[in-house]
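[1] Fold the following and give me the result.
(2 chains)
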Number of protein chains: 2
Amino acid sequence: MADKKKMVEEITSMDVDFAKWYTDVVKKAELVDYSSVRGCMIIRPYGFAIWENIQHILDTRFKELGHENVSMPMLIPESLLQKEKDHVEGFAPEVAWVTHGGNEKLEERLCIRPTSETLFCEHYSHVIHSYRDLPKLYNQWCSVLRWEKTTRPFLRTMEFHWQEGHTMHETAQEAIDETEQMLNVYADFCEDSLAIPVVKGQKTDKEKFAGAEATYTIEAMMHDGKALQSGTSHYFGDGFAHAFDITFTGRDNKLQYPHQTSWGMSTRIIGAIIMTHGDDNGLVLPPAIAPIQVMVIPIAQHKEGVLEKAAEILDRLKKQFRVKMDDSENSPGWKFAQYEMKGVPLRLEIGPKDIENNQCVLVRRDNREKYFVSLDELETKIPELLKAVHDGLYNKALQNREKRTWSAKSIDEINKVLAADTGFVKAMWCGDLACEEQLKEQAGVSSRCIPFEQEKISDTCVCCGKPATKMVYWGKAY
Amino acid sequence: MADKKKMVEEITSMDVDFAKWYTDVVKKAELVDYSSVRGCMIIRPYGFAIWENIQHILDTRFKELGHENVSMPMLIPESLLQKEKDHVEGFAPEVAWVTHGGNEKLEERLCIRPTSETLFCEHYSHVIHSYRDLPKLYNQWCSVLRWEKTTRPFLRTMEFHWQEGHTMHETAQEAIDETEQMLNVYADFCEDSLAIPVVKGQKTDKEKFAGAEATYTIEAMMHDGKALQSGTSHYFGDGFAHAFDITFTGRDNKLQYPHQTSWGMSTRIIGAIIMTHGDDNGLVLPPAIAPIQVMVIPIAQHKEGVLEKAAEILDRLKKQFRVKMDDSENSPGWKFAQYEMKGVPLRLEIGPKDIENNQCVLVRRDNREKYFVSLDELETKIPELLKAVHDGLYNKALQNREKRTWSAKSIDEINKVLAADTGFVKAMWCGDLACEEQLKEQAGVSSRCIPFEQEKISDTCVCCGKPATKMVYWGKAY
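    Okay, here's the model as predicted:
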């Protein structure tokens, strides 16, 4: 068995090569394995348990807000995908096509869903007749597939898991409220459960979802200063309703088109967790979604009474926490390194001396601080420490973002700050696509979002000098 | 709004046309909608909530037994599917082929998974090295796709949801134990949670899973006397391990092949629930998986205090049951019929007179028995009644099966009983495929299973008259 030193040496330092560090972590922490289909990953038990915890928190919240889960087919006929013009232009180039079923060639090609607006719309056209049928607040947990050229585990994979909410409303205002509400659900989830601070805002027309009137987004900053779009919520107006002929009889007894939203969060968010909190010892998991919140490690476990006491503590803690014990033959040092690699928020060490003193040692994963805790106080002390880990992670991530967010009044200024570091640049924009494209070309940044919390950096567009209408976050993104 | 009588008239009587009754129920109870892809169904909120309850019970049990969830890709390269000879022969004719990704033709076709043995094996070849890596006890919740010619909602759809467990073991005995354990999990689940009695047994070689050494099955009898295979568990030996070159260093330090199982239960089981318990008023749901266990219906709800009292009861019961209230403007009669159609196990009626008497009326869905219950006793009386509904459903289903299970000593005898009714026929078999095929031809029955609980009906094969080796359940199946 590898000793502690050897294991730690096995991953690349994040400062040496962040991309390599990332790949090392997803492999060594046993989150994924590569499959023989390019760009499709195998999510291993430890990785999938993270996703299950994410699902549980989000699904509970969705249901509290009145949403119901459904299941749509995984296949979409080509003619159905083509019904909404902007949507098909956005997605057709990146779908996988089924052309044969069994031994026969199909009359019409079917694509594997890249997203399910068209399927939901077809169904809604069957079941929405009256204002009494509204709102429809549906969600689906599934995987979708997009034919990507370059892929990386969690961050960009051909197939990925997500949830996609699809709702229909009587009025535009109700739909807009839903769009905003769900963006807030995502933002609160990131901050409260994942310890990831996010910037809330609207996408520019260039960056919005194919077919949407408006796309709202939460943008997080990774450890390396790059942005990661972490969840989006789209307002569609009644465009799809027209394309799919979805109408209802209103309160005024007239035929109307309903107003639509969709919103999604995907396994990409696991990439965000890794790149926000991880360090050179591996993964660091926020307690709310950690598959194991406390790892019990017996010290000198061959000594009389140690394993019994450790097992007794395990049984006690199981009632309140996700907790496991490693009583394998590996050395304590190897175990320490192993569960640091896996990002377990708290380690509980218990040895003969501790037992004598009716105490144990708790060690935080995020900063390695040690606490000697009376065995009588575990049920109150552990939640405090888990909260401290969460807060520590959040504050560190927030500090990173604040340290790396700058304002700029010209492209030169943008280039100057980004020559020294990577991060977000706040700068004014006139609203023209041409300027957005020029920033991409001359400074290598894309618009991350027009934040809801606006500031005035200057009066004029950072690019063309014309009067500015919005302050925009610019940056390099995953 | 339709009144009660009108609604009830809308579904075909099960005695008139069982198939039409089935289709009516899945539509009117709002379980599914048809999509524009042939054979792929849309599972609506009420139908999907049943599946979520099934998932929750099974998933909890799987995890108690040490299984972990993972996610495999939805696509399988043709060459990977072909690695195990029997398996590819069984599945290749019924898969959907992806031939194009984006705008390019693929070098190798990919099929949408019809089942995932090949994907699990590929992964196992990466992660199993030593006996210390065993057992691997993995499960996956997903949808799979098989290119079926004729389809019916839940019973046979091209795409269907299921769970597929895939495990690897150090010894053959351990794998056989796992296969049997998981069959028992399915049988217990059917009986304890779905109120469906099942026959446990082994499939004949003709009926076993493509590539398996042995397939175990649970067979349930539907209301019309036909069989429905409700869950299967397969023992693979080390055949796939050889085909996929999965080896481990054993305790004896020698290279060995691990022994494998897989086991699955699918959304088909919802078809079994419908066809086992349903009646001419619609769906009848076993309480353990009913999305709504108790439906509160206020009577004379415009009268003072009624809605308030009903809401108070709703709040109280929410802590313990899945309960909803319908305070819409529809008539009580319409509501009664509506929630009978949806199979809600208990209806709670509360009106002004009930309130005066500090009581309410509880009505069982299965037999329409009415109970006047003190409002002080709801928390103890409702569990009793839910249990009574469960037991009532189970006993009715068991009686149906017992009434319709016969023994026969010749093909003539089989034909005689099946001319009068549909059901299971117990008859002896020599073990020859030829006799099995002859029974299909001459009596229209297939072997359902070789039950674990054997009886001796006669000494000789029902078909050829040679010495019999096994007693077999024969019948017509879905």
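
[2] just the helices in the stretch 201-350 of chain A please.
    Ranges of helices in the stretch 201-350 of chain A, per DSSP state H, counting those that start in this stretch, are A:239-243, A:268-277, A:306-318, A:332-341.

[3] among those helices, which is the most enclosed?
    Across those, averaging neighbours per residue (mean count of other Cβ atoms under 10 Å in any protein chain shown) puts helix A:268-277 on top, at a mean of 25. Quick note: C-beta positions are derived from backbone N, CA and C, even for glycine.

[4] Let me see the mean pLDDT of that one.
    In this model, helix A:268-277 has a mean pLDDT of 98.

[5] same question, stretch A:402-414
    Here the average pLDDT along stretch A:402-414 is 97.

[6] For that stretch, what is the spacing between the initial and final residues?
    Start and end residues of stretch A:402-414 are separated by 16 Å (Cα to Cα, to the nearest Å).

[7] Name the residues that touch it?
    Contacts to stretch A:402-414, defined as Cβ atoms under 8 Å, 6 or more residues apart in numbering or on different chains, come from residues A:221, A:225, A:416-417, A:421-428, A:438-439, A:442-443, A:445, A:455, A:457-458, A:462-463, A:474.

[8] list the buried ones in that stretch?
    Neighbour-count burial for stretch A:402-414 flags A:Arg404, A:Thr405, A:Trp406, A:Ser407, A:Ala408, A:Ile411, A:Glu413, A:Ile414 (criterion: 16 or more other Cβ atoms under 10 Å in any protein chain shown).

[9] try stretch A:23-31
    Buried positions in stretch A:23-31, judged by neighbour count with 16+ other Cβ under 10 Å: A:Thr23, A:Asp24, A:Val25, A:Val26, A:Lys27, A:Lys28, A:Ala29, A:Leu31.

[10] Can you give the domain ranges for chain A?
    Domains of chain A are assigned by automatic domain parsing as A:12-277, A:287-389, A:405-475.

[11] Go through those domains and pick out the most buried.
    Neighbour counts (mean count of other Cβ under 10 Å) averaged over each of the domains of chain A peak at domain A:12-277, with a mean of 20.

[12] Please state the offset of that one from the chain centre?
    11 Å (Cα atoms, centre = their mean, to the nearest Å).

[13] cool, stretch A:402-415 as well?
    26 Å.

[14] What is the end-to-end distance of that stretch?
    Stretch A:402-415 has an end-to-end distance of 18 Å (criterion: Cα to Cα).

[15] what about the strand or helix carrying A:Tyr46, average pLDDT?
    Counting by DSSP states H and E, the element that carries A:Tyr46 is helix A:45-64. Averaged across helix A:45-64, pLDDT comes to 98.

[16] export it as CSV, just CAs?
    C-alpha atoms of helix A:45-64 as CSV (Å, rounded to 0.1, in the frame of the first residue of the first chain):
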residue,chain,number,x,y,z
PRO,A,45,-20.1,5.4,-6.8
TYR,A,46,-18.4,8.3,-5.0
GLY,A,47,-19.1,10.7,-7.8
PHE,A,48,-22.6,9.6,-8.3
ALA,A,49,-23.3,9.9,-4.5
ILE,A,50,-22.4,13.6,-4.8
TRP,A,51,-24.9,13.9,-7.7
GLU,A,52,-27.6,12.1,-5.6
ASN,A,53,-27.1,14.5,-2.7
ILE,A,54,-27.4,17.4,-5.2
GLN,A,55,-30.5,15.9,-6.7
HIS,A,56,-32.1,15.4,-3.3
ILE,A,57,-31.7,19.0,-2.2
LEU,A,58,-32.8,20.5,-5.5
ASP,A,59,-35.7,18.1,-6.0
THR,A,60,-37.0,18.8,-2.5
ARG,A,61,-36.9,22.5,-3.2
PHE,A,62,-38.5,22.2,-6.6
LYS,A,63,-41.4,20.2,-5.1
GLU,A,64,-41.8,22.7,-2.2
